[in-house]
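Peer 1: I'd like to go over a predicted model; first the sequence, then the structure.
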Amino acid sequence: MSTVEPEIVLRARDIARAFPGVQALAGVELSLRAGEVHALMGQNGAGKSTLIKVLTGVYSPDAGTIELSGKIISPESPIHAQELGLSAVHQESHLLPNLSVAENICAGRYPRRPWTRGGGIDWRETHKRARELLAGLGIDLDVTQLAGGLPAALQQLATVARAVATDARVLILDEPTSSLDADEVQALFALIRRLRDKGVAILFVTHFLDQVYEICDRMTVLRNGKFVGEYPCAKLDARGLVAAMVGREVANAERTVTQAPADAVAKPPVLAAKDLSRRGHLKPMDIELRAGEVLGLAGLLGSGRTELARLLFALDERDSGEISIDGQVADLRGPADALELGLGFCPEDRKHSGIVAELSVRENIALALQARMGLRKFLKFSEQCALAEKLVAALGVKTASIETPIGQLSGGNQQKAIIARWLATHPRVLILDEPTRGIDVAAKQELMREVLALAQGGTAVLFISAEIEEVVRVSDRIMVLRDRSKAGELPRGSDEDAVYAMIASNSAA
Amino acid sequence: MRRLTQHALFWPALTLLLLLVASSVFNPSFLSLAWRDGHLFGSVIDILNRAAPLMVVSLGMTLVIAVRGLDISVGAVVAIAAAVAALMIGGNFNASGEVASKYPLWLALGAALAIAAACGLWNGLLVVKAGMQPIVATLILMVAGRGIAQLLTGGQIITVYYTPFFKLGNGFLLGLPVALWIAALLFAALHLLLSRTALGLFIRSIGGNPEAARVAGVRSSAITLCVYTFCGFAAGIAGLIISSNVKSADANNAGQLLELDAILAVTLGGTALTGGRFTLAGTVLGALIIQTLTSMIYSLGVPPEVNLVVKAALVFAVMLLQSPEFRALITGLARRGAAPP
Amino acid sequence: MISRRLLPLTITIALFIAMAAFGAIRYDGFLSPQVFLNLLIDNAFLCVVAIGMTFVILTGGIDLSVGAVIALTTMIAASLLDAGWNPYAAMAFVLVFGALFGALQGFLIQRFNLAPFIVTLAGMFLARGCCYLISTESIPINDSTFAVIAQARIPVGFGASLTIGAVIALVVVAVAMRIAHSTEFGRTVYAIGGGESSARLMGLSVARTKIGVYLLSGLFAALGGIVMTFYMLSGYSLHAVGLELDAIAAVVIGGTLLAGGVGYIAGTLFGVLILGIIQTLLAFDGNLSSWWTKIVVGALLLLFCLLQRLFEGHTRKKT
């Protein structure tokens, strides 16, 4: 490729940062060139967010230097970093839904009217500036409308626009695509390319490997807070990248289940839904689950995976459709009814809808079973202990004691405890929505083994994961979703390519 | 020692103890008990008797706060319950010169409690079904409720002449005030209900993480509704005790500011205002702290209104101590003081 | 889009007009300019306080201390005048005092992340208690300047007139509209109501603004107290009991979302006028007792809260 390397805009050397009990970063290097998109890769807990927070002045580094265009800087706050030319869009950066797009872009740096004209905020100039900025980035938007009314993708674009409005030389994007669907990601990428071509250095943090190869030029890999290496994307393939992130070679495929396909098909479905739909969430679709099988649900983000799961468990109200258990139409009005009929549901957002952080592991595990038993039949303390002890041992939940508040456990162990909560109810159908999200590779493997064991025990499992490779590995059948409707079904043993092909073939239509 | 100080009831119990000690220093006869007219007599008994309505209301408030709610309408519900009971009992001199109740006593009390519970249910419906913020939902009844109570009584103080009704607020049973027995009974019943059934676990899970509790199959809406209904019911009991005690119903002033005292009692007892963690025993201690303080200020001869300033100081102290940011600041200062750089 | 943003305000104004029309048809003499100006005159202090409350509620907070702060400022002002202070110095003093009182509450809320409800509740206890420390009796104001201001009438034509207090309320409304619409502070107030953490990530001065709204609320409560002394010519511990509830009701009926972020100052003005017109209607009727005010206000609160839920539901579905 080109022989002249563009100048290095941002260089971080030997960055270290510790928190009580954890060395979050040690000896981390990062260099960003003007006009490149640079991926920052690493598993959860590798130190990506800490590094970003050090760069943007949220934390100060214990050691190391940050250079911006050759000058050593020490950002003291995100605002200060922004003034220096270093802008960030955090995962939790959102527009303010009650303000107009223009206000969201200009908030904190409104143009003012001169005193001779009454002073105060110059709204006409505000709107003009916002319109010009967006136009310059190729975004066509009415800047006076409320941001809350925009679709998620446009909101994300406007968030990026706000970040670069201060003539940022470095732009950090932390998981900007996690709530976007495929088309929306493309719109964001178009914006990223435009900024890149203007010479902005972009640090792109994501866990979608395919996106890295689509948009990035180089990448830096972190592992356990340490610098692993910096690679041109062309020189390191996905397998090599995963190996660098995990720290060892990852066995490919061949892991597929050795479980017999079972004569499951002959039996009537445990759970069946017909014509299930909810406006704006899921188009009408049918689904059947049989005892002892793992049905994988594959599809891109926003394809309706979680929506389907929530409707099955009656967490959301359905607009149409009939859910039947063992061929009997069930009157599911809420999760409590679903629980009573033998369903279980591990939600995708563990913190928000899974754990009750301040309750103990024991209480968290006993919760669903107790909810099913109702108020009058009470699980005695000793019974709760026995139950929790048994499941903690069976699933290998690492906790100091079953009386430890669950909030103090690591993500993977919280996840296992939540699965234990459902196992305690001996569910006939267990819906696992992204059970492997945010947990490390080893814990993932254990979890998948657990899923298979469950199915072998006769439970029908609906397995949902954004990582198609995982779905392929554990599923007896794979149902592919696209654009909130069913794209088709694939038999056991289909590979990832088949799944992608099905997603792609339908999107052509 | 460390385990002792970390016990949920340590701080409220210590506060109460200090207040009792202080009271007996100012008033040497404070702790003395006498047997007079067939019952116990003394300042402590008086405090227990006067604290009973607050205890009862605060018990209901504790549960509401535990499910991340708040009920600022309890004062108005007290007024409504008192008005209903007073109107239904009234008391006219009949032909033989005796005072009779307009309706049977049980019916009057039952109706007052049922209406109070209905008020609680109304609050619960607004919170659960209409999805309003608790403070807003109960603000509606707080404003309108007192109007309704005044409407019932025609803005007058309704005097009750029927003596059996006075037992609730003035009577004694086995030497102790009836009101105290009522509060104790309610406490015991609640305690059993929460420890012998899954209700305690459910309430704590709803308060800890409402969404997670719902996903786990806990019937959160039903339980939250029950909790608000109970809070109304408890306010109704307090209304009966209060009106019995003053032998009348005053729609303008009965239960005035009671919601604030109840919230204060719950907070002082160690229940987190953010929901989840709660302690009934702590609430009882909290109510006793407030009443002891009031009595102490009275006995000191300070104008009773000063009470408000003391209460304010207490609230500031308790909420600061509950704030993690404040604790961090204090420990930070302490560390800096201990180990100069 | 615009109409949707203005819909709650439109409903409030329509409700006011409907009530006025009802009164005009039903009662003789209702439709006179002075009747309407009296709405403002009689509720001038409520208006001033409710405007301050609007800023607090826009950030998603609440200030329960305002009624007590009003009482305390009337007490302080009255006793300062009693002690022979210059009336303007006394006014300046209570204004500074109110602002400091509010700022202190704001500081506690912001710095220690405390619930506004409980902090301002304690503030209410404190302010009310301090009143009693000053005196449990009502203190009459005999100062001539105050008397002159209290008597003053400003003719506005058609034989109608306004009091100084009402003019102050109108000035406060105008200034507050300007602050809310065209200053960095005002826009940050809305931003905090829309999402505090997002506003912080945007680099807006969240901390300063949060303390600022409570300062403003305290300042306006003190100003409301001064307006009240013009009206009552006395300082008394039991002035403005429960006024915080009226102020909150006025803000909500004015179309401001209690969750914060959405609402208009003009809406609050009409919320106050609606509370006033309810009382006027009852007074004209003559047969209905004063407690109907509370019941009607409660019903209106219910109506507007339910409407708010409906709007929130709409916007959430859209995103």
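Peer 2: All right, it came through fine.
Peer 1: which residue is nearest the middle of chain C?
Peer 2: In chain C, the residue lying closest to the centroid (C-alpha atoms, centre = their mean) is C:Ala50, at 1.4 Å.
Peer 1: where in the stretch 51-200 of chain B is pLDDT low?
Peer 2: B:91-100 (pLDDT under 70).
Peer 1: close to chain C: what parts of it are there?
Peer 2: Contacts of the stretch 51-200 of chain B with chain C, taken as C-beta under 8 Å from any C-beta of the partner chain, map to B:70, B:126, B:130-133, B:135-137, B:139-148, B:150-151, B:154-155. Glycine gets a C-beta too; all of them are placed from N, C-alpha and C.
Peer 1: now with 10 Å?
Peer 2: Applying C-beta under 10 Å from any C-beta of the partner chain, we find that the stretch 51-200 of chain B lies next to chain C at B:70, B:72-73, B:76, B:122, B:126, B:130-133, B:135-137, B:139-155.
Peer 1: neighbours around C:Val175, how many?
Peer 2: Look at C:Val175: counted by other C-beta atoms under 10 Å in any protein chain shown, it has 12 neighbours.
Peer 1: repeat that for A:Ala46.
Peer 2: 23.
Peer 1: who's in contact with it?
Peer 2: A:24-25, A:28, A:40, A:221-226, A:228, A:245, A:440 (C-beta atoms under 10 Å, 6 or more residues apart in numbering or on different chains).
Peer 1: most neighbours out of these, which is it?
Peer 2: A:Leu25 (30 neighbours).
Peer 1: circling back: close enough to count as contact, the residue nearest to the centre of chain C and C:Ile70?
Peer 2: No. Counting by C-beta atoms under 10 Å, C:Ala50 stays clear of C:Ile70, with 11.8 Å between them.
Peer 1: got any ranges where the chain has weak pLDDT?
Peer 2: Defaulting to chain A. Residues of chain A that meet the criterion pLDDT under 70 lie in A:1-4, A:21, A:44-45, A:179, A:181-182, A:248-267, A:300-302, A:438-442, A:504-509.
Peer 1: hmm, I had chain C in mind actually
Peer 2: C:1-4, C:312-319.
Peer 1: could you pull out the strands for it?
Peer 2: C:139-140, C:153-157, C:160-163, C:234-235 (DSSP state E).
Peer 1: quick one on the thing from earlier: shared neighbours of C:Ala50 and C:Ile70, which are they?
Peer 2: C:220, C:224, C:243-244, C:247.
Peer 1: tell me which of those residues is nearest to chain B?
Peer 2: Of all the shared contacts of C:Ala50 and C:Ile70, chain B sits closest to C:Glu244, with 10.3 Å by C-beta to the nearest C-beta.
Peer 1: now do the contacts for the residue nearest to the closest one when sequence neighbours are not counted.
Peer 2: The shortest distance from C:Glu244 to any residue other than its chain neighbours is 4.4 Å, reached at C:Gly67 (C-beta to C-beta, 6 or more residues apart in numbering or on different chains). Going by C-beta under 10 Å, 6+ apart, C:Gly67 touches C:49, C:124, C:127-128, C:221, C:224-225, C:239-247.
Peer 1: if we use 6 Å, what do you get?
Peer 2: Listed by C-beta atoms under 6 Å, 6 or more residues apart in numbering or on different chains, the contact set of C:Gly67 reads C:240, C:243-244.
Peer 1: equivalent analysis for A:Leu95, please.
Peer 2: Applying C-beta under 6 Å, 6+ apart, the residues near A:Leu95 are A:104, A:147, A:155, A:158-159.
Peer 1: export stretch A:426-437 as CSV, just CAs?
Peer 2: Taking Å, rounded to 0.1, in the frame of the first residue of the first chain, the C-alpha atoms of stretch A:426-437 are listed here in CSV:
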residue,chain,number,x,y,z
HIS,A,426,-37.5,-27.7,36.7
PRO,A,427,-38.7,-25.9,33.6
ARG,A,428,-40.1,-27.8,30.7
VAL,A,429,-39.1,-24.9,28.4
LEU,A,430,-36.1,-22.7,29.1
ILE,A,431,-35.5,-19.6,27.1
LEU,A,432,-31.9,-18.4,27.2
ASP,A,433,-31.5,-14.9,25.8
GLU,A,434,-27.8,-14.1,25.2
PRO,A,435,-26.7,-16.2,28.1
THR,A,436,-23.1,-15.9,27.0
ARG,A,437,-23.0,-12.1,26.7
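Peer 1: does any part of that stretch sit near chain B?
Peer 2: No. Stretch A:426-437 is not in contact with chain B by C-beta under 6 Å from any C-beta of the partner chain; minimum separation 10.3 Å.
Peer 1: what's the neighbour count on C:Phe284?
Peer 2: 15.
Peer 1: what sits closest to it if chain neighbours are left out?
Peer 2: C:Tyr27 (4.3 Å).
Peer 1: for A:Gly296, same thing?
Peer 2: Per C-beta to C-beta, 6+ apart, closest to A:Gly296 is A:Ser475, 3.0 Å.
Peer 1: surely that neighbour and A:Val294 touch.
Peer 2: Yes. The pair A:Ser475 and A:Val294 passes the contact test of C-beta atoms under 6 Å, sitting 5.1 Å apart.
Peer 1: out of the shared contacts of C:Ala50 and C:Ile70, which is most surrounded?
Peer 2: Ranking the shared contacts of C:Ala50 and C:Ile70 using other C-beta under 10 Å puts C:Ala247 first, with 36 neighbours.
Peer 1: ok, that residue to C:Thr256 distance?
Peer 2: 11 Å (C-beta to C-beta, to the nearest Å).
Peer 1: what's the helix or strand for the residue of chain B found nearest chain A?
Peer 2: Using C-beta to the nearest C-beta, the closest approach of chain B to chain A is made by B:Gly217 at 3.2 Å. Assigned by DSSP states H and E, B:Gly217 belongs to no helix or strand.
Peer 1: residues in contact with it?
Peer 2: A:335-336, A:339, A:368, A:371.
Peer 1: nearest spatial neighbour of it, skipping sequence neighbours?
Peer 2: Per C-beta to C-beta, 6+ apart, closest to B:Gly217 is A:Leu339, 3.2 Å.
Peer 1: which residues in chain C form helices?
Peer 2: Secondary structure of chain C (DSSP state H): helices located at C:2-26, C:33-42, C:44-58, C:66-82, C:87-111, C:116-134, C:144-151, C:164-182, C:184-194, C:196-201, C:206-232, C:243-253, C:265-285, C:291-318.
Peer 1: and if you look at the stretch 151-300 of chain A?
Peer 2: With DSSP state H, counting those that start in this stretch, the ranges of helices along the stretch 151-300 of chain A come out as A:152-164, A:182-197, A:209-215, A:238-246.
Peer 1: those helices into a markdown table, with extra columns for distance to B:Leu16?
Peer 2: Output for these, formatted as a markdown table (distance: least, C-beta to C-beta, whole Å):
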| stretch | distance to B:Leu16 |
| --- | --- |
| helix A:152-164 | 53 |
| helix A:182-197 | 60 |
| helix A:209-215 | 61 |
| helix A:238-246 | 58 |
